[in-house]
Every structure is written in structure tokens, then in C-alpha cells.
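for reference, the sequence and a predicted model appear below.
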Amino acid sequence: MSSSSMNMMSRIVFYEDRNFQGRSYECSGDCSDMSSYMSRCHSCRVERGCFMVYDRTNFMGNQYFMRRGEYADYMSMMGMNDCIRSCRMIPMYRGSYRMRIYERENFGGQMHEMMDDCDNIMDRYRMSNCMSCHVMDGHWLMYEQPHYRGRMMYMRPGEYRSFMNMGWSGMRFMSMRRIMDSYY
């Protein structure tokens with residue numbers, strides 16, 4: 001499926017006020033700066049697809065995974081203390097999943113290859129830290145705490161040599177989950 005036909009399938013609508021009230025902004029792809037479209041955002045509706053939303057422009061800051069559904073007051077529901085400033089569409093993926101996680105930056109230290117979800121890298125691999133990774137196949141969410149809790153980060157295929165250089169200094173990833181087609 002081409003990326004243009006995928007964009008036609010994904011759609012999220014942001015609203016300035018709670019309960020889908022006030023001005024709205026509709027998005028079907030990536031938007032690096034929503035501030036020119038709306039000054040605040042307190043609710044949203046994901047009509048099709050999955051998105052990551054960010055509390056800073058240019059896909060920076062805290063990230064939140066949004067799948068199809070209604071979020072009438074997501075700011076209090078998710079503990080967000082700021083507005084959504086950017087969003088990224090997550091393309092649907094139906095292949096195999098493969099990611100290598102590394103104990104240290106620049107792919108150093110202990111390495112493990114994952115093909116499925118891991119709710120606790122300490123229990124499964126005896127790894128106390130994950131500082132870099134290489135996503136070969138699929139789209140993943142990485143969480144700072146075991147059992148898919150805490151802050152999260154969206155990882156698409158590519159090499160991530162240093163999480164600290166990505167603005168995540170002091171954050172450790174302790175669990176990982178695949179973004180499956182059943183989420184769509």
C-alpha cells in the first residue's frame with residue numbers, strides 16, 4: 001500500500017475545548033507545528049489509524065500513543081499538563097517485527113534481538129538499561145517503566161545510537177511493545 005493511500009486512511013481531529021467543542025483542526029499525516037491552526041487543544045477524535053501526539057513542536061517532548069477512539073478530555077486522562085503541539089501518523093504495518101536493543105550507547109554492551117513484546121527487560125534479559133537500539137522491522141513503543149508504563153517513545157525503522165542525544169537524558173527504557181495492525 002502506498003504512503004499516499006495510507007494517509008487517506010488515517011485521520012485525527014483536534015478540538016480546542018473538552019468534549020469536542022470549539023474550533024477544530026483535522027489532520028491525516030504528520031504536522032510538526034499545530035500552533036498556527038489552534039492555540040490550545042483539549043480533546044481529539046481518532047477516526048482512522050494511529051498517531052503519536054507530542055507536547056512540543058517538531059515531534060519533541062512527551063509523547064502519547066493515540067489509536068482509534070474518542071478522547072473527550074485526554075489532558076486530564078493522560079496527565080498531560082500542556083497542549084498538543086505536533087502529531088505524527090503511524091503507518092499501518094503487517095510484516096514481521098525485529099529490533100535489537102543495546103545496554104549502552106552506540107550499540108555497545110549487552111545486545112538482544114526482539115521479535116515480540118517485552119514487558120520487562122530486566123526480568124527477561126537481565127538488562128538494567130537500554131541506551132540504544134536498531135529497529136529493523138515494524139513500529140514499536142518503548143516505555144520507561146516495566147509493564148508498558150510511564151513515558152513512552154515511538155520508534156520506527158532506523159538506528160538510534162543514543163537516546164540521550166535525542167533529548168531523553170536520564171530516561172531508561174524498561175519495556176517495549178509492537179504497534180500491531182489490530183490497533184487500527
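Here it is on my side, so go on.

can you map out the helices along this protein?
3-9, 74-78, 121-125 (DSSP state H).

just give me the neighbour total for the closest residue in space to residue 19 that isn't next to it in sequence.
Of all residues not flanking residue 19 in the chain, residue 72 sits nearest, at 4.9 Å (Cβ to Cβ, 6 or more residues apart in numbering). Where C-beta positions appear, they are placed from N, C-alpha and C, glycine not excepted. Counted with other Cβ atoms under 10 Å, residues neighbouring residue 72 total 15.

for residue 31, same thing?
23.

again with residue 20
17.

contacts only, for residue 147.
Contacts of residue 147 were listed using Cβ atoms under 8 Å, 6 or more residues apart in numbering, and they are 119, 120, 175.

apologies, that question was intended for residue 152.
Counting by Cβ under 8 Å, 6+ apart, the residues that residue 152 touches are 63, 64, 65, 141, 142, 143, 144.

nearest to residue 18 among those residues?
Taking Cβ to Cβ as the measure, residue 18 lies nearest residue 64 of the contacts of residue 152, at 16.4 Å.

if we can go back for a sec, which ones among the contacts of residue 152 map onto strands?
63, 64, 65, 141, 142, 143, 144 (DSSP state E).

of the residues you listed, grab the buried ones for PyMOL.
Buried subset of those, written as a PyMOL selection, criterion 16 or more other Cβ atoms under 10 Å:
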select buried, resi 63+64+65+141+142+143+144
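
now tabulate the ones in strands among the contacts of residue 152 in TSV and tack on pLDDT and distance to residue 160.
Output for those, formatted as TSV (pLDDT from 0 to 100; distance: Cβ to Cβ, whole Å):
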residue	pLDDT	distance to residue 160
63	90	14
64	91	19
65	93	18
141	97	13
142	96	9
143	95	15
144	92	15
